[in-house]
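Peer 1: return atomic coordinates for the entry below.
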Amino acid sequence: MPPGAPARGRLHSPGEPVLPVAVHDRCVVSRATRADLPFVVALQKRHAQALGFIPRMALAQKIGLGQVLVARVGRRRVGFLHHGSPAGPEVRVFQAAVVGGRRRRGVGGALVSRLLEHAAAAGAAGVSCRCLSFLDANRFWAAAGFERIATEPGAKGTLNVWARRFHVHVGRTAAPPGPTGGGAGFDFASRLHACAGCGAATVGTWVRGARRLTLCAGCVNAAERN
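Peer 2: Numbers count the residues shown, from 1 in each chain. Reported below is the predicted structural model:
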């Protein structure tokens, strides 16, 4: 997803009037509704190598929870961002994509800025995302004010962990930022842990049935052979 201009205005719920949120292309951002699901699914499939795959039913549930944002220029949908719950201290970006003809024109920036505003207003300490190290999208996250705080192994290659800490929350000042967190005592979560089988560092392994095991891929393969 390409860098873009910052968003303006507050986050709107479905059914509320949507105010302009970006200077470029008169882009507007709102929470997705079920009518946006086909667009989100199609754009996800188009960028499956970078985004991975989330089943249609799961995306529909996320839309119902208000955790998918959609950007529009006029009546045309031009991008989406899928994120985690803003209830905790860390809000994660799971997927973000912009249609090819609208990249580098402020759409990605509008989506991310709207999420940052929403997360800060909800009391989060920061926002994070993971991006395959070989993707051009890494330049976008850096340009959007995110800091690369770690790397993790992934099924398709090394993942860069990008994070943005909040110094000032909406309506109040946050605690001073710690070395890796948005405030005192806060650390962005790491998926790295010791494999339950051999002790090697791993982020777990996905297996059939959409289950993640605490074993490394080597131990999972060995167990399948046996």
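Peer 1: alpha carbons only for contacts and neighbour counts from here, please
Peer 2: Will do.
Peer 1: looking at this protein, which helix or strand is least sure?
Peer 2: Least confident helix or strand, the chain: strand 172-173 with a mean of 38, by mean pLDDT, DSSP states H and E.
Peer 1: could you give the average pLDDT over whatever helix or strand comes next after that one?
Peer 2: Using DSSP states H and E, the helix or strand that follows strand 172-173 in sequence is strand 193-194. The pLDDT scores in strand 193-194 average 78.
Peer 1: chain center to strand 193-194: distance?
Peer 2: 23 Å (CA atoms, centre = their mean, to the nearest Å).
Peer 1: now for it, which elements pack on it?
Peer 2: strand 201-202 (3 or more CA pairs under 8 Å, 6 or more residues apart in numbering; DSSP states H and E).
Peer 1: got the contact list for G84?
Peer 2: Contact analysis of G84 by CA atoms under 8 Å, 6 or more residues apart in numbering lists 67, 91-94.
Peer 1: in strands only, show me the residues you listed.
Peer 2: Mapping these onto strands (DSSP state E) picks out 91-94.
Peer 1: how close does Q95 get to R225?
Peer 2: 34 Å (CA to CA, to the nearest Å).
Peer 1: which one's more surrounded, the two?
Peer 2: In terms of neighbours (other CA atoms under 10 Å), Q95 is the more surrounded of Q95 and R225; the figures are 22 against 7.
Peer 1: count of neighbours near the closest residue to that one other than its chain neighbours?
Peer 2: Sequence neighbours aside, H82 is the residue nearest to Q95 in space, at 5.0 Å (criterion: CA to CA, 6 or more residues apart in numbering). Neighbourhood size, H82 [other CA under 10 Å]: 22.
Peer 1: do the one 10 residues further on as well
Peer 2: If you count neighbours by other CA under 10 Å, R92 ends up with 22.
Peer 1: then G52?
Peer 2: 12.
Peer 1: so what's the closest residue to it other than its chain neighbours up against?
Peer 2: Once flanking residues are discounted, G52 sits nearest to Q44: 7.7 Å by CA to CA, 6+ apart. Q44 makes contact with 51-53, 97 under the criterion CA under 8 Å, 6+ apart.
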